[in-house]
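1. curious how this folds, go ahead:
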Amino acid sequence: MKIAVTGKGGVGKTTIAATLARLYAEEGHPVLAADVDPDANLGLALGFPEEILDSIVPITKMRKLIEERTEASADNRFYKINPRVSDIPDKYSKEYNGVKLLTLGTVETAGSGCVCPEHVMLRRIINSLVLHRGDVVILDMEAGLEHLGRGTTEGMDMFIVVIEPGARSIQTYKNVKRLAEELGVHQVHVVANKVRDEKDEAFIQDRIPPEDLLGMVHYNPEIMEADREGSSPYDYSAVAVEEIRKIKTKIDKSNMPGMEKV
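-> Numbers count the residues shown, from 1 in each chain. Sure, this is the predicted structure:
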């Protein structure tokens, strides 16, 4: 199971990604959660202690490693486009609560046509996670759609678009679905977050096809409190965890082979 969680900024992607990761780990699955957001806070949402998080350097910031693997340097404009990365997930991830966290970072060069050593490393690592590991892999993506334009996430089993009850979020879902299908990913599903009332529920149900809607997570002050405390929503809100557990059940049904409880 390889899942990319995406959506607009501030919609709650990290809460959904982290809670799904904890739920799979709870069942005994090997889980690798990769943070591909420049504002990396997946580790906090997973419940990692700050002393571990403070020791993490995103892969895309490891200049020496990138130069070593791609052979790129200030004096060398030519570099490998297939650097060795198979050892990176185990060597550079940190594990806590049964989840391995790999902080990838993002490529800061603007433009969907970026071809640079950092992008090559990022793409190769994600492809390695998709093709060569038996873990449940959950990517917490950067806000926006640039990663789709660069093709960084091709090969994923599923995109989960986290939305809020609003027209801009609906438009984001439509754009992600179109771009994902161009990359060969045909499972694009939606989680509606911060749903407040029946009016919000009706808004979502009217605009998202039922086969695409995995479920809804209602507005919950406990999630905000967990954020203030620097804690994992998984450890803070039983209500939110149960709502996301139902969503996970739907995910498993859409990818049944190999997803039985360990």
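2. okay, now the sheet partners of the host helix or strand of Ala192, with direction.
-> Using DSSP states H and E, Ala192 maps to strand 188-195. Applying DSSP bridges, strand 188-195 is found paired with strand 158-163 (parallel), strand 213-218 (parallel).
3. now find how far off-centre that strand is within its chain.
-> On the basis of CA atoms, centre = their mean, to the nearest Å, strand 188-195 sits 14 Å off its chain's mean C-alpha point.
4. using CSV, write out every CA atom in it.
-> Provided in CSV are the C-alpha atoms of strand 188-195 (Å, rounded to 0.1, in the frame of the first residue of the first chain):
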residue,chain,number,x,y,z
VAL,A,188,-7.9,9.3,-6.3
HIS,A,189,-10.1,9.5,-3.2
VAL,A,190,-11.2,12.3,-0.9
VAL,A,191,-11.3,12.8,2.8
ALA,A,192,-13.4,15.8,3.9
ASN,A,193,-11.9,17.4,7.0
LYS,A,194,-13.1,20.0,9.4
VAL,A,195,-16.8,19.2,8.6
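5. what's the burial count for the closest residue to Ile56 other than its chain neighbours?
-> Nearest non-adjacent residue to Ile56, counting by CB to CB, 6 or more residues apart in numbering: Thr103, 4.9 Å away. (C-beta placed from N, C-alpha, C; glycine too.) For Thr103, the count of nearby residues is 23 (other CB atoms under 10 Å).
6. wait, doesn't Thr103 sit right on Met62?
-> No: here Thr103 lies out of contact with Met62, judged by CB atoms under 8 Å, at a distance of 10.4 Å.
7. let me see the contact set for Gly10.
-> Applying CB atoms under 8 Å, 6 or more residues apart in numbering, we find Gly10 in contact with Ala143.
8. run through the helices of the chain in chain order.
-> Using DSSP state H, the helices of the chain run over 13-26, 42-46, 50-53, 63-70, 88-92, 117-132, 146-149, 167-182, 198-207, 221-229, 233-236, 238-254.
9. need the residues that contact the strand holding Ala192.
-> 11-12, 15-16, 158-165, 173, 176-177, 180-181, 200-201, 204, 208, 212-219, 247, 250-251, 254.
10. so what angle separates the directions of that strand and helix 221-229?
-> On the basis of axes from the mean of the first three to the mean of the last three CA atoms, to 10 degrees, strand 188-195 is oriented at 90 degrees to helix 221-229.
11. just the buried residues from the contacts of strand 188-195, in ChimeraX please.
-> To isolate the buried members of the contacts of strand 188-195 in ChimeraX, using 16 or more other CB atoms under 10 Å:
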select :11,12,15,16,158,159,160,161,162,163,164,165,173,176,177,180,200,204,208,213,214,215,216,217,218,247,251
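12. out of the strands paired with strand 188-195, the one nearest Asp35 is which?
-> Closest to Asp35 of the strands paired with strand 188-195 is strand 158-163 (CB to CB; 15.1 Å).
13. what's the angle from the closest one to helix 198-207?
-> Going by the same axes, to 10 degrees, strand 158-163 makes 140 degrees with helix 198-207.
14. hmm, who's touching strand 158-163?
-> Contact with strand 158-163 is made by 1-8, 11-13, 16, 153, 169-170, 172-173, 176-177, 180, 185, 187-193, 204, 208, 214, 251, 254-255, as judged by CB under 8 Å, 6+ apart.
15. if you set the cut-off to 7 Å instead, what comes out?
-> Strand 158-163 is touched from outside by 3-7, 11-13, 16, 169-170, 172-173, 176, 180, 185, 187-193, 214, with contacts defined as CB atoms under 7 Å, 6 or more residues apart in numbering.
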